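[1] no sequence on this one, just coordinates:
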Ligand code: ATP
């Protein structure tokens, strides 16, 4: 079986993330995609991040009705920093006979050699690099020769980030937010009063 892991902070999950899951699922004929909110992302330490249970619940709501998507609490239930290496190692052990893919944006792909235990990671999974029009294809190809290849999936991006959504909610721009966030997720944000005051995001 083809299994993929798509990790992120998902604070909150938005339609850009959902498009990625759909595009990779279609392009690579994935049997299962694990959407995995990070517990304590190493590259975002110091920033305010919404509680893991809220981020998990928003992901569950966003992917209701996606039979091939499993929202996984594996990283959230682990103590300490979420390194991709730990996650990939665990899933590789759980599914030793399946093909494991790891989905990432092209910005992350270009920094691959700096990842914790990248040599080990590449023995266990195949990177799936999301590309978009305007990406530096030469830089991506150079990286592919350097690190040993990846699958490239072109995704027409929805120009949105979680940061922008948090700002929209803090400013009560609900109609704007509704364009980029699934209704059940937005209802949850309202019910729980999330993002009402956005501390400086960057
Ligand atoms: P923030 O604004 O808080 O940094 P974000 O919107 O970038 O958040 P993350 O949870 O950090 O969301 O992203 C998880 C993954 O989704 C990353 O690999 C990122 O490249 C990808 N991603 C984020 N936004 C989009 C988008 N609009 N279209 C396609 N991929 C996206």
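    Alright, I've got the coordinates. Computed from a prediction, not measured in an experiment: that's the story for all the values here.

[2] can we go C-alpha only for contacts and neighbour counts from here?
    Noted.

[3] now residue 69: how far from the ligand?
    Taking C-alpha to the nearest ligand atom, to the nearest Å as the measure, residue 69 falls 15 Å from the ligand.

[4] can you offset everything so residue one is 438?
    From this message on, residue numbering opens at 438, which makes the last subject residue 506.

[5] neighbours around the closest residue to that residue other than its chain neighbours, how many?
    Excluding the flanking residues, the one nearest residue 506 by C-alpha to C-alpha, 6 or more residues apart in numbering is residue 470, at 4.8 Å. Residue crowding around residue 470 was assessed by other C-alpha atoms under 10 Å; the count is 26.

[6] same question for residue 613.
    Using other C-alpha under 10 Å, the number of residues around residue 613 comes to 12.

[7] now it: how far from the ligand?
    From residue 613 over to the ligand the distance is 15 Å, taken as C-alpha to the nearest ligand atom.

[8] ok, that residue - contacts?
    By C-alpha atoms under 8 Å, 6 or more residues apart in numbering, the residues touching residue 613 are residue 605.

[9] and the next element down the chain from the host helix or strand of it?
    Per DSSP states H and E: residue 613 is located in helix 611-617. Following helix 611-617 in sequence order, the next helix or strand is helix 620-629 (DSSP H and E).

[10] run the contact check for stretch 544-557 versus the ligand.
    No. Stretch 544-557 lies apart from the ligand when judged by C-alpha under 6 Å from any ligand atom; the minimum separation is 7.0 Å.

[11] buried set for that stretch?
    The neighbour-count check on stretch 544-557 (16 or more other C-alpha atoms under 10 Å) flags 546-547, 549 as buried.

[12] show the pLDDT at residue 594.
    Residue 594 carries a pLDDT value of 82.

[13] max-length helix in the protein?
    helix 452-464 (DSSP state H).

[14] can you tell if it touches the ligand?
    Yes. Using C-alpha under 6 Å from any ligand atom, helix 452-464 comes into contact with the ligand via 453-454, 457.
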